[in-house]
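Trainee: I would like to see how this sequence folds:
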Amino acid sequence: MSPLTETVLFVFSLVALGYLTGLTGYLKPASGDGISEFAINVAMPLLLFRTMVNSDFHGVAPWSLWGAYFTAVAMTWAAGHLVTTRIFGRDARTGIVGGVSSSFSNVVLLGIPFVLGVFGPSGFEVLSLLVSVHLPTMMMASIIMFEIFGRGDSEPVHPLRIIQSFLRRLFTNPLIIGILAGLAWRLTGTPLPNLATRLIDALADTAGPVALFAMGLSLRRFGISGNIRPALALSVLKLFLMPALVLGLVWLLGLPPLTAKVAVVVAALPSGINSYLIAVQFNTGQALASNQMTIATASAVVTTAFWLTVVLHVF
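Mentor: Numbering: from 1, shown residues only. As a prediction, this is how the structure comes out:
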């Protein structure tokens, strides 16, 4: 078995293990919430903090990376919206859920451990640049759409409300706090004390396995309940159209090989819990979002291996 295949299987085996513990009742559903909260609120922020403090980002082209990735996000989002509304006849609000589901990669719970396993610390440095803007950008787009389409015609949209909502969610997000705190400490030029380093390392090193296990538990909780055809269509957009668009754009822009590989792999990741949470906020399309997330994650065992093979040959 090649190291690449083994890494892919290892990552998704941890997801499958989490799913099986929920399926068999070995762990209660409430356990998944606690494990996810630890991963997102403690381990992942410390991992990002450590990366911001210690990493060397020389040679990475952030503006080209961001431009290529989010151009593909916008195009895939539009395609998901059109497929949901024009082909499957859903309303505009559900169409937004379809757009989010087809373009919002699971960058944290799945992406961070996956990129670490495949590309190592250097790849994670590239991913950190993407994470630092991915969450705020997708949050802002989602909040704007929610304010426009989710409030009803009787309540006008006030730009100040949108900005306040965005800033509140942004600066209370543990991942953003971890990134900003790491950058702030880096600017001081002061090395971390040994005790602090040991504590951060002990917790940050658990981020990957714990996040993958929590991802599996969440899939068991949401499951599949109807909406199979639109969920399959949106999964095809997420797993094939979006990485293909990113591949073409990073190639045209001439991004460094490692940066290009990470961008394509992140684009090829399945949708995460955020698409479902946005559907809950809209109070529409919840089953569509959860089904798409489950189907895309199960399919990603094969499709991510395919895109990894492609980028290793192209770059």
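
Trainee: for the record, mean pLDDT for the strand or helix carrying P209?
Mentor: Using DSSP states H and E, P209 falls within helix 207-222. Averaging pLDDT along helix 207-222 yields 76.

Trainee: Which neighbouring elements make contact with it?
Mentor: Counting contacts by 3 or more Cβ pairs under 8 Å, 6 or more residues apart in numbering; DSSP states H and E, helix 207-222 is packed against helix 3-23, helix 29-38, helix 44-54, helix 112-149, helix 286-314. For the C-beta atoms, the positions are set from N, CA and C on the backbone; glycine is no exception.

Trainee: residues contacting L245?
Mentor: Residues counted as contacts of L245 (Cβ atoms under 8 Å, 6 or more residues apart in numbering) are T71, A72, M75, T76, A267.

Trainee: What's the separation between the last one and S101?
Mentor: Distance of A267 to S101, computed by Cβ to Cβ, to the nearest Å: 14 Å.

Trainee: before we move on, what about the third one?
Mentor: The span separating M75 from S101 equals 15 Å under the rule Cβ to Cβ.

Trainee: what about these two, which has more around it?
Mentor: Set side by side, M75 and S101 show more neighbours around S101, with 33 against 17, by other Cβ atoms under 10 Å.

Trainee: tell me the contacts of the nearest residue in space to L46 that is not next to it in sequence?
Mentor: The shortest distance from L46 to any non-neighbouring residue, by Cβ to Cβ, 6 or more residues apart in numbering, is to A204 (4.3 Å). Neighbouring residues of A204 by Cβ under 8 Å, 6+ apart: A43, L46, L47, F49, R50.

Trainee: burial count for the residue nearest to L239 when sequence neighbours are not counted?
Mentor: Distances taken as Cβ to Cβ, 6+ apart put T303 closest to L239, at 4.4 Å, once the chain neighbours are dropped. A count of nearby residues for T303, using other Cβ under 10 Å, gives 19.

Trainee: quick one: contacts for T303?
Mentor: T303 sits next to L239, F240, A268 when contact means Cβ under 8 Å, 6+ apart.

Trainee: Repeat the analysis, applying 10 Å as the threshold.
Mentor: By Cβ atoms under 10 Å, 6 or more residues apart in numbering, the contact set of T303 is S235, V236, K238, L239, F240, P243, A268, L269, P270, A296.

Trainee: do the same with A300
Mentor: Shown in contact with A300 (Cβ under 10 Å, 6+ apart): 8, 11-12, 15, 106, 110, 114, 235, 238-239, 268-271, 306-307.

Trainee: re the thing from before, could you dump the contacts of L245 to TSV with pLDDT?
Mentor: Below are the contacts of L245 laid out as TSV (pLDDT from 0 to 100):
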residue	pLDDT
T71	96
A72	96
M75	96
T76	96
A267	95
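
Trainee: for the stretch 51-200 of the chain, which spans come out with low pLDDT?
Mentor: In the predicted model, the stretch 51-200 of the chain carries pLDDT under 70 at residues 55-61, 143, 146-159, 161-162, 165-166.
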